[in-house]
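>>> Sequence first, predicted coordinates after that:
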Amino acid sequence: MSQREIVQRNYDKQASTYVTRKHLQTANLNRLLNILFTQPQVPLEGTLLDVGCGDGILLDVLMARFPALPYRYQGIDLSPEMIRIAQELHRTPGCFDVCDAENLPFEDDSQDLVISNSVFHWLNVPEQGITPEAAIREVSRILRKDGKFALSIAGFGTTMRFLKAYRNVMDRLIANGKLMDNTFYRSDPIGSMNLHTAVNMLLSSDFRIDFAHLEYEPVIYESPLKFAEVVEAYGYDVFLNLVLESEKPDVWCSIVKEFEHSLQAGTYVHDQYMIYVVATRK
Ligand SMILES: C[S@@+](CC[C@H](N)C(=O)[O-])C[C@H]1O[C@@H](n2cnc3c(N)ncnc32)[C@H](O)[C@@H]1O
C-alpha cells in the first residue's frame, strides 16, 4: 500500500472520531493564523486554498474572525470521508473537494493565499525517499507572485514517549516475524520534520521565508490513557499499517499498556513540537 493509500484509509476510518478529538489541531490552527495575520502584506481578499482541509475547521475559524468572509474559500483533502463530513457540516456545495496535495486542480498563479494546518508531515517518509517537496512545488505553482503560504507541520521530537512504546512493541513483532513487511517499518509514522528541512524545501521551491519557528507546545492530559485515545483518533491505521487487520486491536492495546507502564500515574504532559512557517511566493 502506498503512503497516500495508508493516510487516506487512516483518515477515512478515523474521520468520525477525529472530528470530536481535534483540539490539538484546532490550537495549532489558531496559532498559525495569529502568526499569519501579523505578517506584512498578507492578502485580505481573493482566493484561499486550504490544503488537507479535514472537516473544514479553517472555514469556521475564519468566519469567526471576519464578519463577512473576504476570501473565496476552497478546501481539498485526500480523504473522501473527511470531505463528506466537511460538506455535511458546512452545506456549501463546491467548497470542498477530494484531491491530492501533489496534484492540485488549479491554474498557475490562481491563488492569493494557501493555508495548510498539520498536513505536510503526512507527506514525509524519508525512509522511502518520499518528501513533501512535490506538494510544496504544487503550492508554489498555483500561488500568484507575492501570494502567501502559511503552514504548520509536526516538528521533530513530538510524542517521543509514545513513539518509544510503539517502537518497543514493533521490535518484538519484528523479532517474532509478525509484521506483514519489515522493509516498510517506520520508527516515526507521523513523519515529524526538522525546521531546516521544511525551510530548505520552501526555499528551493521559489519561496521567501517571512516567519519560521519550531515551538515547544506541551499539552496536559488527565492521564496517559486519555492521550493515547487522541493518538488513536489521529493515526491508528498509520501506526498499525504493517499489522494484520485481525491483530490490530491487540497490538494497539500492547502499545498503550507499554506507554502507560513507562510513565507515572497521574496527569500526562504531551511533548508537542510544532513548526510554523509563513512564506511568500517570489
Ligand atoms: C491532522 S489532519 C488536519 C486537518 C485540518 N487541516 C485541521 O486543521 O483540522 C490532516 C489532514 O491531511 C489530509 N491529507 C494527508 N495527506 C494529504 C494529501 N497528500 N493531500 C491532501 N490531503 C492530505 C488528511 O486526509 C487529513 O484530513
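Great, that's in hand.

>>> From here on, just use CA atoms for contacts and neighbour counts.
OK.

>>> And H90, how far from the ligand?
Per Cα to the nearest ligand atom, to the nearest Å, H90 is found 14 Å from the ligand.

>>> burial of that residue, as a residue count?
Counted with other Cα atoms under 10 Å, the neighbours of H90 add up to 15.

>>> wait, what's in contact with it?
Contacts here follow Cα atoms under 8 Å, 6 or more residues apart in numbering; on that basis H90 touches G56.

>>> again, 7 Å this time
Neighbour list for H90: empty [criterion: Cα atoms under 7 Å, 6 or more residues apart in numbering].

>>> Please apply the same query to T280.
Taking Cα under 7 Å, 6+ apart as the test, what T280 contacts is D146, G147, K148, F149, F207, R208, I209, D210.

>>> How about V7?
V7 makes contact with V238 under the criterion Cα under 7 Å, 6+ apart.

>>> Likewise for E45?
E45 touches P70, Y71, counting by Cα under 7 Å, 6+ apart.

>>> And it, how close does it get to V230?
As judged by Cα to Cα, to the nearest Å, E45 and V230 stand 35 Å apart.

>>> Could you do W122 as well?
For W122 relative to V230 (Cα to Cα), the value is 17 Å.

>>> Kindly report the same for C253.
Using Cα to Cα, C253 is found at 14 Å from V230.

>>> For the two, indicate the residue with more neighbours.
Ranked by neighbour count (other Cα under 10 Å), C253 and V230 place V230 first, with 19 against 11.

>>> by contact count, what packs against the helix or strand hosting N168?
Using DSSP states H and E, the element containing N168 is helix 160-175. Under the contact definition 3 or more Cα pairs under 7 Å, 6 or more residues apart in numbering; DSSP states H and E, helix 160-175 sits against helix 248-261.

>>> what packs against the helix it packs on?
helix 160-175, helix 224-239.

>>> between those, which gets nearest to the ligand?
The ligand lies closest, by Cα to the nearest ligand atom, to one member of the helices and strands packed on helix 248-261: helix 224-239, at 6.8 Å.

>>> roughly how far is that closest one from the heart of the chain?
Taking Cα atoms, centre = their mean, to the nearest Å, one finds helix 224-239 lying 14 Å from the centre of the chain it belongs to.

>>> in the stretch 51-200 of the chain, which spans are strands?
71-77, 96-98, 111-117, 143-154 (DSSP state E, counting those that start in this stretch).

>>> re earlier: and the buried ones among the contacts of T280, selectable in ChimeraX?
Only the buried entries of those go into this ChimeraX selection, using 16 or more other Cα atoms under 10 Å:
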select :146,147,148,149,207,208,209
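
>>> Name the SS class of T38, please.
coil (DSSP: H, G, I helix; E, B strand; the rest coil).

>>> Quickly list what H270 is bridged to.
When bridges are called by DSSP bridges, H270 pairs up with V219.

>>> wait, doesn't it sit right on E222?
No: judged on Cα atoms under 7 Å, H270 makes no contact with E222 at a distance of 10.7 Å.

>>> out of the two, which sits in the busier spot?
Neighbours per residue (other Cα under 10 Å) separate H270 from E222, with H270 holding more: 18 against 12.

>>> Which positions in the chain make contact with the ligand?
With Cα under 6 Å from any ligand atom as the criterion, the chain comes near the ligand at residues 7-8, 11, 25-26, 29, 52-54, 57, 77-79, 82, 99-101, 116-119, 122.

>>> Now L69: closest residue in space that isn't a chain neighbour?
Computed as Cα to Cα, 6 or more residues apart in numbering, the closest residue to L69 that is not its neighbour in sequence is M63, at 5.8 Å.

>>> What pLDDT does the model give the one you found?
At M63, the model reports a pLDDT of 92.

>>> That one and L32, how far apart?
Distance of M63 to L32, given as Cα to Cα: 16 Å.

>>> Neighbour count: these two, which is higher?
L32 (21 against 14).
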